[in-house]
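Undergrad: Just need the structure, nothing else, for what follows:
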Amino acid sequence: MSSATSPGSSDLQAFRQEVRRTIRAKLPEDIRRKVAREQMEIGRDEQLRWHRILYECGGWSCPNWPKEHGGPGWSYDQQYIFERELALADAPRIMGFNVSMLGPTIMHFGTEEQKRRFLPPILKGEVFWCQGFSEPNAGSDLASLKCRADRDGAHYVINGTKFWTTEGHMADWMFGVFRTDSSGKKQHGITFLMFPMTTPGITVRPILTFDGTHEVNQVFFDDVRVPIADRLGEEHKGWTVAKYLLSLERIGTAEVSRSLASLGRLKRLAHDPSLAGTPLIDDPLFGQQLAMCEIELMALDLAEQRILFGAGDPGEAGAEASLLKLVGTEVQGRLLELTMRAIGAPAVFDGEVGQELASGALPVEIGRVAKTYFNMRKALIYSGSNEIQKNIIAKAVLGLG
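TA: Here you go, the predicted structure:
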């Protein structure tokens, strides 16, 4: 669906200024500083606090939602501007599982009763969701999942495990896909279910990532009973629901706006003489590498705009979403790697130690760069590994079977 206004129109420029003023006035400084340091693990309370602040601005907490469900009813142009200004202002990401992925999927596949039950709490920041997709032997090849949900009267009974469950330790509810039939092709016999994390039989065990943070978990299910009313879509046809949701996730995983914010921070560091005695931007090799990152990011930005503002539903982008995910995560990694190399030793130390090594001359955000670089290596894998995205692109765009 094309937007009704030109990106350069005076109305959109006024909208951009309104968003900037509002974020500047409403964003808590303690939260902003964490984001400015490239810190990934923003706590549950902080995420919900910012979400509720945006909700009180007129449904800004769910910028991609129509007015009928409490959102602002913004055009794609306005959503694009809002997301860009959030990133450039060092504001946290919109809660993706809740807002960008599950909400639109419920609107698309849910019953009217499910929309009434689930959408308002998401909008208001009253519930925190996690995603139960990956398993020990089913990640990028998600259709190979084995975690079972067997029908028992008016319930499904889940047994098995989910892996790499982001924020599962702080979530109130989980949505996920489960095996309900094994008799046909692996894409068939999958059902999409939603349930509280307090349901008896659920055990959450933490997984610490390489940078020492606790974001992901393994979740075990032992005779977990889920009412049929909490199934989204038809039984055995959850793969269709999951594909729709994953296409939304892959567009968001490109992180173009966040990479632009990282690029801005990198440029500021490059012009700071305290890094190497003279500004790094004067080094021809560094300048060339920085320029290549910026060129790639500009091209990715234009590609994203074509998908968002072109004909059709972005949720149906398919291979185009895979292209954004592939290139976006690669550019993101190169930016963080270049930033880490530019800073040197202080990049691997957090807080006061990093500042001492930097002789107090560099900005506070440097202390998280190495941790974030290693943490974000996972972006090449989640939402479907980049190797899988290449296969999707080859089949759908290049016509290779």
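Undergrad: Now residue 32. Nearest residue, chain neighbours left out?
TA: Setting aside the residues directly before and after it, residue 32 is nearest to residue 90 in space (C-beta to C-beta, 6 or more residues apart in numbering), at 4.8 Å. For the C-beta atoms, the positions are set from N, CA and C on the backbone; glycine is no exception.
Undergrad: that's a strand at the one you found, yeah?
TA: No: using DSSP: H, G, I helix; E, B strand; the rest coil, the secondary structure at residue 90 is coil, not a strand.
Undergrad: mind listing what it touches?
TA: 27, 32-33, 35-36, 261 (C-beta atoms under 8 Å, 6 or more residues apart in numbering).
Undergrad: do you know how far it is from residue 323?
TA: Distance, residue 90 to residue 323, by C-beta to C-beta, to the nearest Å: 28 Å.
Undergrad: Next: residue 393.
TA: As judged by C-beta to C-beta, residue 393 and residue 323 stand 6 Å apart.
Undergrad: Then residue 339?
TA: From residue 339 to residue 323 the distance is 25 Å (C-beta to C-beta).
Undergrad: again, but for residue 234
TA: Between residue 234 and residue 323 the computed distance is 30 Å (C-beta to C-beta).
Undergrad: ditto for residue 168
TA: Counting by C-beta to C-beta - residue 168 and residue 323 are separated by 29 Å.
Undergrad: And residue 344, by the same measure?
TA: Applying C-beta to C-beta, the value for residue 344 to residue 323 is 34 Å.
Undergrad: quick one: which of these two has more around it?
TA: Taking other C-beta atoms under 10 Å, residue 344 and residue 323 do not tie; residue 323 has more neighbours (23 against 13).
Undergrad: Is the more buried one within a helix or a strand, and which one?
TA: If you go by DSSP states H and E, residue 323 is part of helix 319-343.
Undergrad: And that helix, how far out from the chain middle?
TA: 14 Å (C-alpha atoms, centre = their mean, to the nearest Å).
Undergrad: Please apply the same query to stretch 45-57.
TA: Distance, stretch centre to chain centre, for stretch 45-57: 17 Å (C-alpha atoms, centre = their mean).
Undergrad: just stretch 296-305 next, same as before
TA: 18 Å.
Undergrad: Please enumerate residues in contact with it?
TA: Contact partners of stretch 296-305, identified using C-beta under 8 Å, 6+ apart, comprise 7, 80, 251, 254, 256, 259-260, 263, 323-324, 327-328, 331, 334-335.
Undergrad: Going through these, which ones are buried?
TA: The neighbour count (16 or more other C-beta atoms under 10 Å) marks 80, 251, 254, 256, 259-260, 263, 323-324, 327-328, 331, 334-335 as buried among the contacts of stretch 296-305.
Undergrad: Going through the residues you listed, which one is the model least confident about?
TA: Ranked by pLDDT, the buried ones among the contacts of stretch 296-305 bottom out at residue 251 (61).
Undergrad: Residue 299 belongs to a helix, doesn't it?
TA: Yes: under three-state DSSP, residue 299 sits within a helix.
Undergrad: any idea how far it lies from residue 259?
TA: Using C-beta to C-beta, residue 299 is found at 12 Å from residue 259.
Undergrad: which SSE is the residue sitting furthest away from the middle of the chain in?
TA: Residue farthest from the centre of the chain, counting by C-alpha atoms, centre = their mean, is residue 277 at 37.6 Å. Secondary structure assignment for residue 277, by DSSP H and E: no helix or strand.
Undergrad: hang on, residue 151 packs against residue 181?
TA: No: with contact defined as C-beta atoms under 8 Å, residue 151 does not count as touching residue 181 (9.6 Å).
Undergrad: show me where the stretch 301-401 of the chain has helices.
TA: Applying DSSP state H, counting those that start in this stretch to the stretch 301-401 of the chain gives helices spanning 319-343, 351-357, 369-375, 386-396.
Undergrad: among the ones you listed, which is nearest residue 135?
TA: Smallest distance to residue 135 across these (C-beta to C-beta): 15.4 Å, for helix 386-396.
Undergrad: residues of that closest one that come out buried?
TA: For helix 386-396, the neighbour count (16+ other C-beta under 10 Å) marks 386, 388-389, 392-393 as buried.
Undergrad: Repeat that for stretch 214-228.
TA: Buried residues in stretch 214-228, counted by 16+ other C-beta under 10 Å: 215-221, 224-226.
Undergrad: could you dump it to CSV, C-alpha only?
TA: C-alpha atoms of stretch 214-228 as CSV (Å, rounded to 0.1, in the frame of the first residue of the first chain):
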residue,chain,number,x,y,z
HIS,A,214,21.3,-13.0,30.1
GLU,A,215,18.9,-12.4,27.2
VAL,A,216,18.1,-16.0,26.0
ASN,A,217,16.8,-19.1,27.7
GLN,A,218,15.9,-22.7,27.2
VAL,A,219,12.2,-23.4,28.1
PHE,A,220,11.0,-26.9,29.0
PHE,A,221,7.4,-28.1,28.8
ASP,A,222,6.1,-30.9,30.9
ASP,A,223,2.4,-31.6,30.2
VAL,A,224,1.6,-27.9,29.7
ARG,A,225,-2.1,-27.5,29.0
VAL,A,226,-3.3,-24.8,26.6
PRO,A,227,-6.9,-24.1,25.8
ILE,A,228,-8.0,-24.5,22.2
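Undergrad: contact partners of that stretch?
TA: 40-41, 132, 147, 149, 152, 154-169, 174, 193-195, 199-209, 375.
Undergrad: give me that answer again for 6 Å
TA: For stretch 214-228, the external contacting residues (C-beta atoms under 6 Å, 6 or more residues apart in numbering) are 41, 154-166, 168-169, 193, 195, 199, 201-208.
Undergrad: Same question for stretch 176-190.
TA: With C-beta under 6 Å, 6+ apart as the test, stretch 176-190 has contacts from 132, 143-149, 158, 191-193, 236, 238-239, 242.
Undergrad: ditto for stretch 240-259
TA: Residues contacting stretch 240-259 (C-beta under 6 Å, 6+ apart): 83-84, 87, 96, 100-101, 105, 109, 177, 192, 232-233, 297, 300-301, 304, 315, 317, 321, 324-325, 328, 331-332, 335, 383.
Undergrad: what helix or strand does residue 41 sit in?
TA: Counting by DSSP H and E, residue 41 is part of no helix or strand.
Undergrad: er, residue 194 actually
TA: Element membership for residue 194 (DSSP H and E) is strand 190-196.
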